[in-house]
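J.: Below are the sequence and a predicted model for it; my questions follow.
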Amino acid sequence: MNHLIIGIAGGSGSGKTTLALRLKERFGENEVRLIPHDSYYKRHDDLPFEERCKLNYDHPDAFDNDLLIEHLKALRAGQAIDCPIYDYADHNRSDRTLHIEPAPVLIVEGILPFVEPALCALFDYKIYVDTDADERILRRILRDVKERGRSLDSVILQYRTTVKPMHEAFVEPSKRQADVIVPNGGENGPALEMLAHHIRSLIQRANTL
């Protein structure tokens, strides 16, 4: 089996996850595996909760890309992995893992997968989701307060101190690595259908090699 590795990048709240999920819906259940880059935030058991809250989670150094690269290479070689699970409320990696079996298509989505050269080099196809900043911050507030147990004040503080400056320094420039730029992520129906068709053609091409 040939394994196609797709990277989806974009700012926080841009619609990356929605795009990844809707792409997965276009294929069979066993054809696609989703791997959040967030799952590979570094573990910080050495720091108390108060200190973990202060860390910059929007900088490339926040991620254990070496482990993700190791796992992607294992999946490409037909080996299953135990993917970390990140606890957003605790600001640390959980003790639980998610067992992931190989599949024809592996999708990695996150804010910074295109920044680390060794990781970026593993992607056969790179998609950047480009969404207006006002829309992104509104989505982030709703998500972090409702789904991740954060306070409104903490979300706004984090956005001003790390999310916005790191987006400008690292996320936005990484779009230059993309093969295609998609406005509005999973809400862009025509782009979604185009991507699904193109990915299907890439799978077929890989299987003829």
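T.: Yep, that arrived. Numbers count the residues shown, from 1 in each chain.
J.: What helices and strands are in contact with the lengthiest helix in the chain?
T.: In the chain, assigned by DSSP state H, the helix with the most residues is helix 189-208. For helix 189-208, the packing partners by 3 or more CB pairs under 8 Å, 6 or more residues apart in numbering; DSSP states H and E come out as strand 4-10, helix 16-25, strand 125-130, strand 180-183. In this view, the C-beta of every residue, glycine as well, is placed from N, C-alpha and C.
J.: can you map out the helices along this protein?
T.: Using DSSP H, helices in the chain cover 16-25, 49-52, 65-76, 117-120, 133-146, 152-158, 164-166, 189-208.
J.: Highest mean neighbour count out of those helices?
T.: helix 16-25 (a mean of 20; mean count of other CB atoms under 10 Å).
J.: any chance of the helices and strands packed on helix 189-208 in JSON lines, with distance to Asp95 and mean pLDDT too?
T.: Below are the helices and strands packed on helix 189-208 laid out as JSON lines (distance: least, CB to CB, whole Å; pLDDT from 0 to 100):
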{"stretch": "strand 4-10", "distance to Asp95": "27", "mean pLDDT": "95"}
{"stretch": "helix 16-25", "distance to Asp95": "23", "mean pLDDT": "91"}
{"stretch": "strand 125-130", "distance to Asp95": "31", "mean pLDDT": "95"}
{"stretch": "strand 180-183", "distance to Asp95": "35", "mean pLDDT": "92"}
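J.: So which of those is nearest Arg148?
T.: Smallest distance to Arg148 across those (CB to CB): 12.9 Å, for helix 16-25.
J.: which strands and helices sit next to the closest one?
T.: Contact here means 3+ CB pairs under 8 Å, 6+ apart; on that basis helix 16-25 packs against strand 4-10, strand 32-36, strand 105-110, strand 125-130, helix 189-208.
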